[in-house]
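J.: pasting the structure only:
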């Protein structure tokens with residue numbers, strides 16, 4: 001998350017602040033899955049002047065205070081927070097009439113548990129880090145918008161006016177992986193999405209996602225997914241038949 005790595009296990013969680021760069025990947029082979037609750041801070045506030053909101057919510061929205069980055073599910077307060085998160089997932093999946101109100105109530109309960117436990121601190125703002133994060137966002141946006149094209153590190157260094165050595169050190173410091181590895185991961189993610197949601201030939205999917213060498217594509221896919229593209233598609237078809 002931003003420049004830090006946090007290792008999580010089952011039934012643990014992280015808080016990702018507004019405009020904070022983040023991503024997730026399995027530490028060991030076998031893959032992983034996770035769910036996220038994404039909401040605008042104003043979802044739990046009111047437009048009127050509310051003393052409770054001014055004292056307990058506004059300081060966090062405005063960045064003067066912040067909650068911890070992770071919930072390890074160890075204390076009683078953390079266990080209640082994880083329970084509320086699971087409740088939100090169930091509510092949003094069921095989508096019963098008025099489920100948004102129930103989700104909002106659970107978010108406010110999580111807020112109260114964190115405050116009750118004193119699980120917050122004053123923000124330590126770092127302008128240098130904000131500048132680096134803004135620069136990284138521009139690089140990632142370019143990759144996300146052009147991953148289907150041929151992209152080289154040299155091209156990126158020219159576009160963002162950095163030397164190749166500095167660019168690679170900067171990227172690895174911020175993302176904990178090389179630019180090429182990030183590009184590979186992003187392309188494979190796009191391939192996986194196409195394999196799940198389309199019936200296009202695998203070779204066409206590979207080409208449309210930036211892989212112009214079939215052997216290299218197969219090798220890269222197996223590296224990250226622990227199976228071939230054909231095996232992955234077959235597994236998806238089997239899962240659909242069982243539903």
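T.: Sure thing, it's come through. Treat the numbers as computed from the prediction; the structure is a model and nothing was measured.
J.: measure the nearest residue to residue 200 once chain neighbours are set aside to residue 74 for me?
T.: Among residues not flanking residue 200 along the chain, residue 194 sits closest, at 6.4 Å (Cβ to Cβ, 6 or more residues apart in numbering). In short, each C-beta sits where N, CA and C put it, glycine included. The gap separating residue 194 from residue 74 is 40 Å, by Cβ to Cβ, to the nearest Å.
J.: the more surrounded of these two?
T.: The neighbour comparison of residue 194 against residue 74 (other Cβ atoms under 10 Å) goes to residue 194, with 19 against 9.
J.: give the contact list for that one.
T.: Shown in contact with residue 194 (Cβ atoms under 8 Å, 6 or more residues apart in numbering): 200, 205, 208-209.
J.: how much space between it and residue 132?
T.: Separation of residue 194 from residue 132 (Cβ to Cβ): 33 Å.
J.: return the set of buried residues in the host helix or strand of the residue nearest to residue 200.
T.: Assigned by DSSP states H and E, residue 194 belongs to helix 179-197. Neighbour-count burial for helix 179-197 flags 179, 182-188, 190-192, 194-195 (criterion: 16 or more other Cβ atoms under 10 Å).
J.: closest to residue 92 among those residues?
T.: Of all those, residue 192 has the smallest distance to residue 92: 23.1 Å, by Cβ to Cβ.
J.: measure that closest one to residue 210 for me?
T.: From residue 192 over to residue 210 the distance is 14 Å, taken as Cβ to Cβ.
J.: now residue 153
T.: Per Cβ to Cβ, residue 153 is found 15 Å from residue 210.
J.: how does the chain divide into domains?
T.: Split into domains by automatic domain parsing, the chain comes to 13-122, 127-242.
J.: so which of the ones you listed comes closest to residue 5?
T.: Per Cβ to Cβ, nearest to residue 5 of the domains of the chain: domain 127-242, 5.7 Å.
J.: lowest average confidence, helix or strand, in this protein?
T.: Least confident element among the helices and strands of the chain, by mean pLDDT, DSSP states H and E: strand 121-122 (a mean of 70).
J.: which SSE is immediately downstream of that one?
T.: helix 127-146.
J.: got the angle for that next one vs helix 179-197?
T.: With axes from the mean of the first three to the mean of the last three Cα atoms, to 10 degrees defining the directions, helix 127-146 sits at 50 degrees from helix 179-197.
J.: which residues touch the helix or strand following helix 127-146?
T.: Counting by DSSP H and E, the next helix or strand C-terminal to helix 127-146 is helix 153-159. When contacts are defined by Cβ under 8 Å, 6+ apart, helix 153-159 is touched by residues 139, 142, 163-164, 167-168, 179-180.
J.: show the buried residues in those.
T.: Looks like the contacts of helix 153-159 have 139, 167-168, 179 buried, using 16+ other Cβ under 10 Å.
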